[in-house]
Every structure is written in structure tokens, then in C-alpha cells.
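# okay, here's the prediction I keep looking at, along with the sequence it came from:
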Amino acid sequence: MAKQFMKGNDAIIVGALAAGCRAYYGYPITPASEIAHAAALHFPALGGVFIQAESEVAAINMVYGTAGMGIRTMTASSSPGFSLKQEGLSYCAGAELPLVVVNIDRGGPGLGNIAPEQADYFQVTKGGGHGNYRLITLAPNGAQEMCDLTMKAFDLADKYRNPACIMADGITGQMMEVVEIPEAKPVPYDHTAWAVDGTPATSKNLISSIVLEPSELEEHNLKLDAKYREIMANEALCEEYRTEDADLIVVAYGVISRIVYSTVDQARAEGLKVGLLRPITLWPFPSEAIAAHAERDMRFLAVELSTGQMVEDVRLAVGGKAPVDFYGRCGGMVPEGAELMNQYRQLMEGVVRS
Amino acid sequence: MKVYEKSHSFYEVFERKSGPAKEATHYCPGCGHGNVHKMIAEALEDMELTSRTVLVSPVGCSVFAYYYFDCGNTQAAHGRAPAVATGVKRANPDSIVISYQGDGDLAAIGTAETIHAANRGENITVFFINNAIYGMTGGQMAPTTMLGQRSTTTPLGRQEHVHGNPIRMCEMLSTLPAPTYIERVAVGDSKHVMKTRKAIRKALKIQAEGKGYSFVEILSPCPTGWKMDPTVARDWLMDEMTKVFPLGVFKDESDNVDEGSWDREFKPFDTDQVNAYLDRLKTSMTEGAQVTLKEDLHCKFAGFGGQGILTLGLFLSQIGMRAGQQVSWFPAYGPEMRGGTANCSVNLSNERIGSPLVDEPNVLVVMNQPSLDAFEKTVPDGGLIIVDTTIVQGKPDTDRLNAVMIPASKIADEVGTPKIANVVILGALVAATGAFTPEYCMETLRSVIKKKNLVEMNMEAFRRGYDFVKNQ
């Protein structure tokens, strides 16, 4: 069988290996540590690099070094550690370096706890570091996607020369599922035009995010902005389940989308026309797919493991054309299906049942 | 006759530099950076290293080192140059990587990166320009500012009990086993400039020969920051700074280290190699017939840590995987794993699985009393509960639930070890649900149990659990 039963965190490394990632730099933190464990096992066995860095800050800067060579590289952490990487990510975005960073989101703020949360949505999608930049952000909701979207993240990072982020929650990282082991294919990108890899072919190049002249820095920012607009136009992804005729579309990503999925058929059996829209990319956000539904008489409910972050993007997408409600749990509390059913019933009171 | 000219490791014209003066550096008159740049450039050219050199420039006055050096240039965040250098060197061991840093960068905001790159024995060269002041940001106190020295943040002079003492990096780093070469030099007078030149070359040679980490601290004047005439600054450097920062070699293992001993392996991406490796990560399980479940299994397994609760879940999951079902396994994770209770949620379904969490299990296994107390009520009417009666004293509500009361730990002990009570339970679960034939499960277990000498004992345990239910 070309399959293995594995944790989401392990599947990330399988995807990374298949994508041609050659260097991993990281720092231990629950619930992301399995990613480092797998990297420590597999990268050196293949002649690649694994370093347990002295800090999250050092890890992302080692990534900066290798990414600047045009070699696929990554780091992974969980919320407090991800916060520490923000400086480095800003530099990487400014210097236009392709790399993948993983955030297995846990409870915050501060040290919080190690239970699952989605409260890093703002930090991840709005640019947690300084300056005008964005992270391309993919949100897997199962072990197979942890693998597949990691591969996709490397491709997107290279295509746009920008950091890409895998944003997952503690459950998706810790859960085991069946994963189809992918096939490694050559990396189709040639980096010699910009990378600095210590060979004569690239010795005229410069990796830098410093642009002293205000007019030139503005130009650089506008160039980045044009790139981000292109990504927004081309790369937004979502999955929909029974949304065509839904009176209530629940917008949820990551593990919550799985719980919502469990409730859709159940709600329909009660006569509640519920559907699920799951953003697969959090940035770019699938605003158009959401807005398309707002043209008819229906409403949205955003469900998150936060006090309400993605819901702001849903509201922006909808532009006031349909009601947008929110339901969230946080601190590591995860809503049960029955709890969501109650929300649907309350929201849809008075809606004509079919 | 030797013609002295600008090193070819410098750009002819400094096109990256803004403003009109593209042939002069941005450094102030009397600054030491220019001297050091020149000596590094000449060394790179003479040693024929330039085209494979990556110079990592820091934040500080030398942030613009990339204006000048005609080699690969990477500009790093403040203090992070040794980490960036690590990322470059490890991914191309044939490159020559220089981390060029000032005192604030290296010995304040980047202290951790400095120490740990040294401690790993990265095969890089660090040139540390110590001028006892922050130049670029406007003359503030550096970690190496001298006691009594005035700066814009020590207007009354640096005081030991307020600001701490000047930090001595060569002395600190030389306590580490890994570094090969650590020396402090000064560009104060021509004699010491020549010593500096020699130290720079030696450090680069050590790297080029794969002999490991080299660190050269260069005491360097900053007439602007010190508010001194350049000649007075050079005197102060030699007379005062060297008292706190004594010159000399602090560590030199270059004659005791073999060439190449600090070279690290790096292989570029090879799809054939990776695919062969990924093949080995695939399951060892043999192909099996596809099995359709009569009813989805939503299981909760709970007990003490060490009873094999999580493994019970893994075994059942792998049987489901072999049978072509959708499967998920989720453990209660974190500190809970380290003693106390353990539980996991396992779903087996013919259809795509929604929530991986099991709030209302139709199969509950309890291997200790607290688990019975906590989870019995979550099982819907008519659900299956399997209780290890060797350990659990309480009784579930048998009117409401389909209960299997099995002395699993006792049976396991009879088979060989109480550690395989979980497999006894698995046998009982399979018998009670009828989800799979016992032969199918045992075939699967044979192919997934890693310790081959334990296979037969596990088969026996499974069979005993299965028969216990069937014979009731």
C-alpha cells in the first residue's frame, strides 16, 4: 500500500520531503514538536539539514539564509514560537524569499495553553511583523492535506517569491489519519537570477530588505502590493458542501470545518438548510466565493476557535448584503456538534422550513 | 615592481550606494571599517575565494558592506547574521561565509546567535568590529562601551552598577570547546594593522580548509562616536581600550584540527533518492480485502497511561485503513500523556469523517475506574461498553448499554504479560461489534507489530479476547 497512518504533524514533513525541501530549522514547542522530530529523523538521512536552533528567532533567520540561496527550506512552531518569528518573516517578505513556515495554533494569549485554538488568524493573515506584507496562508483540515498543502505551499512560495504559511490547529497536528504518500517531483524553479548561494553564478546578487531612498522603498512596496493583488486574484481556494440552496452558510476552517461538516446533514434532516463553506486559503481569503452567496436571501455564520477573527473577513466579503453571525470557543474548548446545532436552530428561527 | 591598487574583491564603482559619490565609502574619516574591509577584500582576492564567498552584513554602520564587496551578499536582521550565515553554510558547505558584525549586533541583540553558532562550530568566519559605541543609531552605549565612557545613553559615563561592565566576547567564546580560532586584534597603528591582516587571513584559511569556526575581534576606532580627532582616537584605542580588551590569541586549535573535519554534508534534491526513501515510510501492511462496515464505529478508549490505550486505537485504526475505510485517531495530548489518564478517539467509517473528536461514542472501552465514571454517560442508549474487570470495580448500567465485562488484564497476564490487555480488549471489541473477522484482524496485526518476537503472544491475546465474547 502506498499509504501510511500518520499524525498531521508528521504528514507535513512527508510533504516537505516530497516537495524538495532540504533544510529544516526549528525549536521545540507543544503541540508542534512532532514536526521537528520527523525532520530530525528524515532530513539528515537524505543528506539535508536539520538544526535545532537556539531560539525561534535564530530558526527563522537560518531559514532566511537558506531560502536566500533558492533552496527549499522551512520552519515550524506553535503560537508563542510563531510570534517570535515575526521579525524574520517580515525580512523574508521584504527580501522576497520563498520558504514555508508552519503554525500549529495553540491557546493564547501569552503562554496560554497547549490546546487547539485559531486565535492567530489575525497575526498570520494580516502580517504579524512590521511593514506592508502578507503571508500566503493555507489551512489544512486533515492529515492528507497537511501533506498536500505543504507541497502546494512550497510551490506558491517559489511562484511568488514570498513566505507561505501552513496554519493548522493542535487537533489537526496531533490527529492521525490515512495519508497517501506522494511522489517527489523535480522543482521547476530556477533561482540563479536572484539567489545568493555561494557560487560564481550568483555572486553578483544581493539578498536584502533595505531600501534607503523613500521613493525607491515606495516603489518596492508597490511592487510587492502588485504581487499580493495577483495572488489574491489567482490563488484563493475554498471547499463548499451543500451551499447552493443553503439558508445558512457556516464558514469555518481547520478542525472546526470538520465538526461543522458533521452537522450539515443532521441539520438538513431537521429541515434546516445549512451548508459549509471552508476556506482552504486564509490569505488570500475566498471573498468572491462568499460574496456570490450573499446575492440571495440567506445568512452566514462564522465558527472559529477564537473570539472572532476570520468573521471580520467574512463581513468584508459580504459587504453588508447578508447577515453575518459569529460563534466561537477558545482557550482550547472545542464546540460539540450538538452545540452548533443549537446555534443553527436559534439563528434560523422564523426561517421557513422546507 | 608590485603595483598597489584597489582589491578586485571590491566593486570598481559602488553602484548600490545612493547619492553621487559612488567611488567613496559611506564611512566617516578615521573609521576602522574601511581598513578592515580592505584587508578582507585583499585576502579574498589573494586566496581566490571571492566568487564563492557570501558576506552576511549586519545592522549597524557596516549594514552597507554589500555596497563594496564584489561577492554574494546577504543582508541580515539586527544580531541575526550568525544564524543567517549558518543557513547559508549548511546548505552549501563549499561556500565561504563571513559574518561581519559590530558590537551592538554581535554582543547585545545577537548574543544568543553569536554564542550558539560558535558552540555548534559552524565552519564560518566571524569578523567582530568592536568600537565601543553604537555608530549608526547615534552614539549610544554599546555592550563594549568602557566604564566612564560617555555616550548619548550614558551622558554621565558608563557606570558599573547602573549599566554593567563592558562585555568581553573573545574571553567568553574561548570557554567553548568547538571554536577553532579566536583572536583579538586592533587597527590602532601600522604594526597592529599588520597583525590584523594576518589574523583575517588565518581565519579565512581555517574556514577554507574545513577546520571550523573562526572569530576575529577587531578593536576599531570611531572618532565620530567618540567625539575625538582620528589620531587621538587611534591612541585612545591602543592605550585605553586594550586595557579592558587585551589583544592576543585566545584559542587556536588550527594545527590540531584535521582539514575537512568541520565540513558538513549537504546533498541537493534528488527525486529518485527521495522517492526511494518515501517508499520506506509507507505501511508494512499487506493488501487486504475491502470491508464495508455495517455501522460506523465512533470509539473512545480510556484508561491509565501505560495500559496501551493509544496503541489499542492505532491497531483498530490500521485494521480499518487496510479495509479501505476512512479512519481518524486523536489522542488527548500534552501533559495528560505523562502519567494519569490517557484516552483517544477513533472513528472508522465508510464515508468521509467529519469531526475527529468523539463526543458520543458507540463503542467505549474503559480500563480504569475514573474512565468509567467520566465517559459511561456519554455513550448513547444501546451503545457498547467494554470494561476491564481486573482493574475496574464499578459496573456500568447494563439495562441501558450493551456491556462486555472482561478480565482483560488477567487474561493478558495468563498469556504472558499484562501489557497486552489492550489486544485482549481489541479481540473482544471485534467480536462484540462484528466489524471484522478475527482472521482479518490477526493478519493485519502480524504485519504492523514491529517486535516480531511478540507477534504470537499478541495473536493469542487477541484470540482469547475474541473467544471470551463469542463463548458468552
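Everything's here; your move.

# hey, let's count contacts and neighbours off CA atoms from now on
Fine.

# any weak-confidence spans in the chain?
Using chain A here. A:350-354 (pLDDT under 70).

# the intended chain is chain B.
Across chain B, the ranges flagged by pLDDT under 70 are B:1-3, B:333-340.

# so in it, which helix runs the longest?
helix B:190-208 (DSSP state H).

# for it, packing partners?
Packing partners of helix B:190-208 (3 or more C-alpha pairs under 8 Å, 6 or more residues apart in numbering or on different chains; DSSP states H and E): helix B:32-46, strand B:96-102, strand B:125-130, strand B:181-186, strand B:214-219.

# any chance of a markdown table for these, columns mean neighbour count and distance to B:R16?
Shown next, in a markdown table, are these (neighbours: other C-alpha atoms under 10 Å in any protein chain shown; distance: least, C-alpha to C-alpha, whole Å):
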| stretch | mean neighbour count | distance to B:R16 |
| --- | --- | --- |
| helix B:32-46 | 20 | 16 |
| strand B:96-102 | 28 | 18 |
| strand B:125-130 | 26 | 22 |
| strand B:181-186 | 26 | 29 |
| strand B:214-219 | 27 | 26 |
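
# and chain A, which of the ones you listed is closest to it?
strand B:96-102 (6.9 Å; C-alpha to the nearest C-alpha).

# in CSV, list the C-alpha atoms belonging to that closest one.
Extracted as CSV, the C-alpha positions of strand B:96-102 are listed here (Å, rounded to 0.1, in the frame of the first residue of the first chain):
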residue,chain,number,x,y,z
ILE,B,96,32.9,30.8,2.2
VAL,B,97,30.6,32.5,4.6
ILE,B,98,31.6,35.7,6.5
SER,B,99,29.5,37.1,9.3
TYR,B,100,30.6,40.7,9.6
GLN,B,101,29.2,42.3,12.8
GLY,B,102,29.6,45.3,15.1
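
# and the helices and strands packed on helix B:190-208 as CSV, adding distance to A:A153?
Shown next, in CSV, are these (distance: least, C-alpha to C-alpha, whole Å):
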stretch, distance to A:A153
helix B:32-46, 38
strand B:96-102, 29
strand B:125-130, 34
strand B:181-186, 41
strand B:214-219, 37
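
# residues contacting the longest helix of chain B, please?
Helix B:190-208 has contacts (C-alpha atoms under 8 Å, 6 or more residues apart in numbering or on different chains) with B:39-40, B:43, B:96, B:123-125, B:181, B:183, B:185-187, B:212-216, B:218, B:254.

# could I get the full set of strands for the stretch 1-150 of chain A?
Residue ranges of the strands in the stretch 1-150 of chain A, as given by DSSP state E, counting those that start in this stretch, are A:3-7, A:23-26, A:49-52, A:73-78, A:99-105, A:136-138.

# to chain B, which of those strands lies closest?
Using C-alpha to the nearest C-alpha, the nearest of these to chain B is strand A:3-7, at 4.9 Å.

# quick one: name the residues of the stretch 1-150 of chain B near chain A.
Residues of the stretch 1-150 of chain B found near chain A, taking C-alpha under 8 Å from any C-alpha of the partner chain as the criterion, are B:18, B:51-54, B:66, B:70-77, B:80, B:83-88, B:90-92, B:94-97, B:112-113, B:116.

# next step: those residues restricted to helices.
B:A83, B:V84, B:A85, B:T86, B:G87, B:V88, B:R90, B:A91, B:A112, B:E113, B:H116.

# and the stretch 1-150 of chain A, which residues reach chain B?
Within the stretch 1-150 of chain A, the residues that sit near chain B (C-alpha under 8 Å from any C-alpha) are A:1-5, A:14, A:17-18, A:20-23, A:30-31, A:46-49, A:54, A:58-59, A:61-66, A:68-69, A:71, A:88, A:91, A:114.

# do that again at 7 Å, thanks
Counting by C-alpha under 7 Å from any C-alpha of the partner chain, the residues of the stretch 1-150 of chain A close to chain B are A:1-4, A:18, A:20, A:22, A:47-49, A:54, A:58, A:61-66.

# now a ChimeraX select for only the buried ones of those.
Only the buried entries of the residues of the stretch 1-150 of chain A next to chain B go into this ChimeraX selection, using 16 or more other C-alpha atoms under 10 Å in any protein chain shown:
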select /A:2,3,4,18,20,22,47,48,49,54,58,61,62,63,64,65,66
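
# which members of the residues of the stretch 1-150 of chain A next to chain B occur in helices, if any?
Members of the residues of the stretch 1-150 of chain A next to chain B lying in helices (criterion: DSSP H): A:A18, A:A58, A:N61, A:M62, A:V63, A:Y64, A:G65, A:T66.

# ok, the fourth one to A:D169 distance?
The one in question is A:M62. 25 Å (C-alpha to C-alpha, to the nearest Å).

# picking up where we left off before, name the residues of the longest helix of chain B that are buried.
Buried residues in helix B:190-208 (16+ other C-alpha under 10 Å): B:193, B:195-197, B:199-208.

# ok so, going back, between the strands of the stretch 1-150 of chain A, which gets nearest to B:Q393?
strand A:3-7 (34.5 Å; C-alpha to C-alpha).

# element containing the closest residue to B:G260 other than its chain neighbours?
Leaving aside its chain neighbours, B:G260 sits nearest to B:G210 (4.0 Å; criterion: C-alpha to C-alpha, 6 or more residues apart in numbering or on different chains). Here B:G210 is covered by no helix or strand, with elements defined by DSSP states H and E.

# B:G210: what's it in contact with?
Contacts for B:G210 (C-alpha atoms under 7 Å, 6 or more residues apart in numbering or on different chains) come out as B:N123, B:E259, B:G260, B:S261, B:W262, B:D263.

# filter these down to the buried ones, PyMOL style.
A single PyMOL command is used to select the members of the contacts of B:G210 judged buried by 16+ other C-alpha under 10 Å:
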select buried, chain B and resi 123+259+262+263
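
# pretty sure B:I96 contacts B:T53?
Yes: taking C-alpha atoms under 7 Å as the definition, B:I96 is a contact partner of B:T53 at 4.4 Å.

# quick one: common contacting residues for those two?
Shared contacts of B:I96 and B:T53 (C-alpha under 7 Å, 6+ apart): A:G198.
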